[in-house]
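Novice: attaching a predicted model along with its sequence, questions to come.
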Amino acid sequence: MAFQFVRVELFSRKGKEGRGTGFVFDEVARVPSASIHVQEPDTPIVVHGLAPDALRELHDERAAEARTEVKGGKQRVVRQDQNTLAGVVLSYPVTMDEYRAKPEVVARVLDWERRSVAWLRSQFGDRLVSVVRHEDESHPHLHAYVLPDDPAMTAAHLHPGFRAKAAAKAAGAQPGEDDKALSKRADAAYKSAMRAWLDDYHAKVAQPCGMTRLGPGKRRLTREQWHQEKRQAEALRDTLAKAEALKAKGDAFITTTKEKADRIAGEAAAARAEAVKATEAAQATIVAARAAEKVARQRAETARAASERAERDTRAAKRLSGLGGLLRGLWDGLRKSNVAARIRKAVESELEELRRQVAAAAERATATDAARRETEARVRNLRQNLSDTGRQLAEARQEIAVLRPESAPDSAQAPARR
């Protein structure tokens, strides 16, 4: 793996040395007259936003409508030599032969591409209108195009270096500073802003993809030192990839755990509600049983009294004279005894039903309590698993800290690959 390459340029419709916006759009679309440097031009691959033809149409339409305000509040069309387009070139340091031959290299290029597009969106937002990949030159690379969204369509605002330089000049000279010193400070602001821009790309994209910030020639490294730094960058890339995979696994586990915890909490709440309901039902059943027992005792007492009266009537009947009186007395006693027996049978049936209801309520309460204990055990297991995943993430962060190199010194950008 080698060092990073990213470059930003501004273009006007008139252009310099024949490289106006029209030529830029022809080149990215692989129009033959603008692709002489490519041996076998291939169709560009759109990875974000608009295709080249739609990009050209949108730019030309906005540029034709752009207006700038002059003295007296009048509006005029923008000049042909005003920059109206920003282009960013990003390259991945592998040959096309490696890219076509090794699936693992393709996977790394696609990961770099995904990170690059995300980084460009963080830099330019919705002003990033197109990103195209070329696979017909020496290295796989991206062309990104950004359109300004102000009424004058001022692309200079999109360039981090020019933006910082303009801000320094707009602030004016400091005490004791002449125009030359102000210009020098503005140039320093330009370099500082570009350095920060390149550092940000390295931190967000290049470093996770195993690229170094600078090449060996910029820092006068020996061949062995350069290979050692490349090995360290690749080791850091692999460690970061493992950390990202572990983080994704941890995030998925956390999401799943949260869903399970929510479900378990819902089940526990339902179990508690069922337990409360079962307890209330049991209490109500006990109250009803006590009331029924009281009624049963009253009925039993009534039956006992009826039985005693029947016995007394029977004895009285025996004392009656004559066979007819005796028979009538016996009949009345038997009738009252049958009434008492029916009362006792009904009372015993009601008591048995009440005993069954009390036993069922007690069984439901016991089952609910067991479910609650099982739910609490599952929650404890999930918390332990989450703790283990957090420990693994901490170990990965320590490994990354050991491999991560210190910030490299600044230098000029490398020559562009096209």
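Specialist: Nice, thanks for sending it over. Numbering: from 1, shown residues only.
Novice: neighbours around residue 307, how many?
Specialist: Here the number of neighbours of residue 307 (other CB atoms under 10 Å) works out to 18. C-beta coordinates here come from the backbone N, C-alpha and C atoms, glycine included.
Novice: so it, which state does it fall into?
Specialist: When the structure is split into helix, strand and coil by DSSP: H, G, I helix; E, B strand; the rest coil, residue 307 lands in helix.
Novice: contacts for the one helix or strand residue 48 maps to?
Specialist: The secondary structure element spanning residue 48 is strand 45-49 (assigned by DSSP states H and E). Contacts to strand 45-49, defined as CB atoms under 8 Å, 6 or more residues apart in numbering, come from residues 55, 113, 117, 120, 128-135, 142, 144.
Novice: find the residue at the geometric middle of this structure.
Specialist: residue 251 (7.9 Å; CA atoms, centre = their mean).
Novice: that residue is in what secondary structure piece?
Specialist: Secondary structure assignment for residue 251, by DSSP H and E: helix 223-319.
Novice: please apply the same query to residue 136.
Specialist: Secondary structure assignment for residue 136, by DSSP H and E: no helix or strand.
Novice: one more: residue 167?
Specialist: Residue 167 is part of helix 160-171, with elements assigned from DSSP H and E.
Novice: that helix - contacts with which helices or strands?
Specialist: Contact here means 3 or more CB pairs under 8 Å, 6 or more residues apart in numbering; DSSP states H and E; on that basis helix 160-171 packs against helix 179-201.
Novice: any idea of the angle the helix it packs on forms with helix 160-171?
Specialist: Helix 179-201 runs at 140 degrees relative to helix 160-171, counting by axes from the mean of the first three to the mean of the last three CA atoms, to 10 degrees.
Novice: next, the buried residues of helix 179-201.
Specialist: By 16 or more other CB atoms under 10 Å, the buried positions in helix 179-201 come out as 182, 185-186, 189-190, 192-194, 197-199, 201.
Novice: packing partners of it?
Specialist: When contacts are defined as 3+ CB pairs under 8 Å, 6+ apart, helix 179-201 sits against strand 5-12, helix 160-171.
Novice: what about 7 Å?
Specialist: Helices and strands touching helix 179-201, as assessed by 3 or more CB pairs under 7 Å, 6 or more residues apart in numbering; DSSP states H and E, comprise helix 160-171.
Novice: list the contacts of residue 376.
Specialist: By CB atoms under 7 Å, 6 or more residues apart in numbering, no residues touch residue 376.
Novice: can you do 10 Å?
Specialist: Residues counted as contacts of residue 376 (CB atoms under 10 Å, 6 or more residues apart in numbering) are 264, 268.
Novice: where does the stretch 101-250 of the chain have low pLDDT?
Specialist: Screening the stretch 101-250 of the chain residue by residue with the criterion pLDDT under 70, one finds the ranges 214-250.
Novice: my guess is residue 28 meets residue 55, correct?
Specialist: Yes - counting by CB atoms under 10 Å, residue 28 sits close enough to residue 55 to count as a contact (7.9 Å).
Novice: which neighbours do these two share?
Specialist: Shared contacts of residue 28 and residue 55, defined by CB under 10 Å, 6+ apart, comprise 130, 132, 145.
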